[in-house]
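Asks: just the structure for this:
(2 chains)
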Amino acid sequence: QQQVKQSPQSLIVQKGGIPIINCAYENTAFDYFPWYQQFPGKGPALLIAIRPDVSEKKEGRFTISFNKSAKQFSLHIMDSQPGDSATYFCAASSLTWSGAGSYQLTFGKGTKLSVIP
Amino acid sequence: ETGVTQSPTHLIKTRGQQVTLRCSSQSGHNTVSWYQQALGQGPQFIFQYYREEENGRGNFPPRFSGLQFPNYSSELNVNALELDDSALYLCASSSGQGVGYTFGSGTRLTVV
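Replies: So this is what the prediction gives:
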């Protein structure tokens, strides 16, 4: 059962464009939503994360929008650059559940972003 | 401050063999998790260790096992390797509060 659905699978934008990646979750216990960036041959690196008490968070050129009622969240990359070309993963976990496996991350399947010069 | 380091970086094993992967957690981190990332997929949670005890496991069979040592480093052991075990194995450490997981670069395991 896939608990975090991510779309699109791949995305091509021109330099300066604003790619948007969407995720939807099912488990209402999730209360922490990070985005990871992964380059070939490397592990995922945390980009930005949001808690459900806010609807938007910005860090540099990266913005997360969060819709708690729809159980959806999205990543926007402003003024995208060729160096942003990578695979992006959304993830979700629960920070309030302290049982076994607490804080485990459930990942989406990833979006391969290509930014064309 | 060092990040998460994993060894080896690449490994080729034959079906039925056993393998041990190693991870050194980031300084100050006491929780280690292991993830399996198949080609073109997102990482899948295998298990988590806190204070040398396994405190959570994903949907993986018992032939996947692990250890955490007093210095918070960790091992992932896989017995009776199957072709489908071919994947990138990622180790992630955190301070135990659930935020700010730091991932290593992974070990690429190929089972032939």
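Asks: hey, where'd the strands end up in the chain?
Replies: Looking at chain A here, since you left the chain open. A:4-7, A:10-14, A:20-25, A:33-38, A:45-50, A:56-59, A:62-67, A:72-77, A:86-92, A:106-107, A:111-116 (DSSP state E).
Asks: nope, chain B
Replies: For chain B, the strands defined by DSSP E cover B:5-7, B:10-13, B:19-24, B:31-37, B:44-50, B:53-57, B:64-68, B:74-78, B:87-94, B:102-103, B:107-111.
Asks: can you tell me if the longest one touches chain A.
Replies: Just to be clear, that refers to strand B:87-94. Yes: with CB under 8 Å from any CB of the partner chain as the criterion, chain A is reached by strand B:87-94 at B:90, B:92, B:94. To be clear about C-beta, it is placed using only N, CA and C from the backbone, and glycine gets the same treatment.
Asks: what residues are up against the nearest residue to A:T96 once chain neighbours are set aside?
Replies: Closest residue in space to A:T96, ignoring its immediate chain neighbours: A:D31 at 5.8 Å, by CB to CB, 6 or more residues apart in numbering or on different chains. Counting by CB atoms under 8 Å, 6 or more residues apart in numbering or on different chains, A:D31 makes contact with A:51-52, A:93-96.
Asks: got the residues of chain A near chain B?
Replies: For chain A, the residues in contact with chain B (CB under 8 Å from any CB) are A:4, A:6, A:32, A:34, A:36, A:41-46, A:49, A:89, A:91, A:93-95, A:99-110.
Asks: counting neighbours, which of those residues end up buried?
Replies: Listed as buried from those are A:4, A:6, A:32, A:34, A:36, A:43-44, A:46, A:49, A:89, A:91, A:93-94, A:101-110; burial here means 16 or more other CB atoms under 10 Å in any protein chain shown.
Asks: okay, now A:L47: neighbour count?
Replies: 18 (other CB atoms under 10 Å in any protein chain shown).
Asks: B:R15 now?
Replies: B:R15 has 12 nearby residues by other CB under 10 Å.
Asks: now distance to B:D85 and mean pLDDT too, for the strands of chain A, in TSV please.
Replies: Listed next are the strands of chain A as TSV, based on distance: least, CB to CB, whole Å; pLDDT from 0 to 100:
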stretch	distance to B:D85	mean pLDDT
strand A:4-7	23	96
strand A:10-14	27	97
strand A:20-25	28	98
strand A:33-38	21	96
strand A:45-50	25	94
strand A:56-59	36	96
strand A:62-67	34	96
strand A:72-77	31	98
strand A:86-92	21	97
strand A:106-107	19	94
strand A:111-116	24	98
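Asks: out of the ones you listed, nearest to B:E53?
Replies: Closest approach to B:E53 among the strands of chain A (CB to CB): strand A:106-107, 22.0 Å.
Asks: packing partners for the closest one?
Replies: Applying 3 or more CB pairs under 8 Å, 6 or more residues apart in numbering or on different chains; DSSP states H and E, one finds that strand A:106-107 contacts strand A:86-92.
Asks: lowest average pLDDT across the strands of chain B?
Replies: The weakest mean pLDDT among these belongs to strand B:53-57, with a mean of 88.
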